[in-house]
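Asks: how would this look folded up:
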Amino acid sequence: MEELAGLPPDYIARHEPDAEGGVTLTTDPHEMQPVMTFASNPELRRRMFLAYNTRAYPKNQQILLTCSHPSRSPPSSASAAGPIWLPPTR
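Replies: Numbers count the residues shown, from 1 in each chain. Predicted coordinates:
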């Protein structure tokens, strides 16, 4: 898959295409760091950067606002970001 160019062979081998031919990457640090370090594709790095840095938004918007405004009461739940799905290359 062209979007994964520059990533180590073992990383690519761990990310088999799905039935549609796309690949799913998560924002877990062990998945994000190789993309940010080795990926040749600037668009993939940009998408990973945005997914990683907005992984608590919008579901955790109130928690984020509470962190920046301590006078607000925190909500009771938290969530993680979803994965990035890379569509098949046509």
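Asks: switch to C-alpha atoms for all contacts and neighbour counts from now on
Replies: Will do.
Asks: Give me the nearest residue to the residue nearest the centre of the chain, chain neighbours excluded.
Replies: Most central in the chain under CA atoms, centre = their mean is residue 27, positioned 3.5 Å from the mean C-alpha point. Setting aside the residues directly before and after it, residue 27 is nearest to residue 52 in space (CA to CA, 6 or more residues apart in numbering), at 5.3 Å.
Asks: what about the one you found, neighbour count?
Replies: Residue 52 has 20 neighbours, counted by other CA atoms under 10 Å.
Asks: didn't it look like it was pressed against residue 30?
Replies: No - contact criterion CA atoms under 8 Å: residue 52 and residue 30 do not qualify, at 11.9 Å.
Asks: Name the nearest residue to residue 4, sequence neighbours excluded.
Replies: Using CA to CA, 6+ apart, the nearest residue to residue 4 is residue 39, at 6.3 Å.
Asks: Now the helix or strand where residue 50 lies: buried residues?
Replies: Assigned by DSSP states H and E, residue 50 belongs to helix 42-53. Buried residues in helix 42-53, counted by 16 or more other CA atoms under 10 Å: 44-45, 48-49, 51-52.
Asks: mind listing what's buried in the helix or strand residue 67 falls within?
Replies: Element membership for residue 67 (DSSP H and E) is helix 61-68. By neighbour count on 16+ other CA under 10 Å, the buried set for helix 61-68 is 62-63.
Asks: Measure how far it is from the centre of its chain, please.
Replies: 21 Å (CA atoms, centre = their mean, to the nearest Å).
Asks: now it: mean pLDDT?
Replies: Averaging pLDDT along helix 61-68 gives 71.
Asks: Ok, stretch 43-55 next?
Replies: 90.
Asks: And the helices in the chain?
Replies: Per DSSP state H, the chain has helices spanning 9-13, 29-38, 42-53, 61-68. These are given in chain order.
Asks: Tally up the residues packed near residue 30, please.
Replies: A total of 10 residues lie near residue 30 under the criterion other CA under 10 Å.
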